[in-house]
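>>> what's the 3D shape of this:
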Amino acid sequence: MDLVLAQTFLAVATAGSLVKAAERLHLTQAAVSARLQTLEALVEQKLFVRNKAGARLTPAGRAFLPYATQLTSTWEQARRSVAAQDRESALLSVGGEMSLWNAVLLDWLVALRQRRKSLLIRTQVDTVTRLVEQTRLGALDIAVLYSPHRRPGVEISLLLEEQLVLVSTKPGQTTASLTDYVYVDWGPDFRAHHDEAFPELCDATTRISFGPLALQLLLRVGGSGYFRTRAVEPYLRSCQLYLVQGAPSFAYSIHAATSPHADPELVAWALAELRRVTEPDPCREWAV
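Predicted coordinates:
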């Protein structure tokens, strides 16, 4: 079977839509549809029910799903193994959410390169769902994320306890006197707890889903919002930001997801390096 057909099938199954799958694959919707028709002709079964709401798997599609997953996983493992053998070097594929690259993962990559100069490193920035799926399939050895979705075979371990705290550019603020509030969307868990605690702030005029952008906006024009403790510590020390009195904090811990297909020794060493660079250090300034 054509590997591309299996990859296209998985993209549609994951996205639940031909349009979204086409965007992820950088193809036209017509090209995705043509590939699915070719695949359905090969297996002699209809794999998706397509309508205006999207595309959902038929019973035959659900039965085919683990085989398509195994096919793409086997290919990825083979490709990486051959590449590493050809270069006589180990290959480590890592991924993380965008907001974690300048907060944690950059220091990690520096440590990996300094300690094993021959190591081949591949990196990926993506959403939580995509990162966990790529880890499950073996395309990634390690993914570093917030609030990961648990999937069979993927081991999730706590890497770093983190808190989101409410800060303001004005001193002496309380939750009752907040001004220019910026709603930083830290994900579904945060939204649930935040909106329960502050229903009056759900309709903030400024809403941002990327922490670094929100923090820079606050520092330039003023206001208040929730940010990671380690990110705002240097600004609290320099009195550019102030903790809002009486405001609750929310858990926002960092986790590492590891692939069941990865080299156990390489992953153990890489995770040890990751834990080393994330150990509390009062001299380190963490990006948001």
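
>>> correct me, but Leu218 touches Ala231?
No - distance between Leu218 and Ala231: 11.1 Å, which falls outside the contact criterion (C-beta atoms under 8 Å). Where you see a C-beta, it was placed from the backbone N, CA and C, and this is true even at glycine.

>>> neighbour count winner among the two?
Leu218 (26 against 23; other C-beta atoms under 10 Å).

>>> Can you name the residues that contact the more buried one?
Residues in contact with Leu218 (C-beta atoms under 8 Å, 6 or more residues apart in numbering) are Val167, Thr169, Val182, Ser224, Gly225, Leu241.

>>> swap the cut-off to 7 Å and go again
Applying C-beta atoms under 7 Å, 6 or more residues apart in numbering, one finds that Leu218 lies in contact with Thr169, Val182, Gly225.

>>> Write a PyMOL command that selects only the buried members of those residues.
Buried subset of the contacts of Leu218, written as a PyMOL selection, criterion 16 or more other C-beta atoms under 10 Å:
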select buried, resi 169+182+225
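
>>> Mark which of the contacts of Leu218 are part of strands, please.
Counting by DSSP state E, the part of the contacts of Leu218 found in strands is Val182, Gly225.

>>> What helices and strands are in contact with the host helix or strand of Ala192?
Taking DSSP states H and E as the definition, one finds Ala192 inside helix 188-197. Counting contacts by 3 or more C-beta pairs under 7 Å, 6 or more residues apart in numbering; DSSP states H and E, helix 188-197 packs against strand 250-251.

>>> partners of the helix or strand that comes right after the strand it packs on in the sheet?
For strand 250-251, the following helix or strand on the C-terminal side (DSSP H and E) is strand 254-258. Here strand 254-258 is paired, per DSSP bridges, with strand 142-146 (antiparallel), strand 155-160 (antiparallel).
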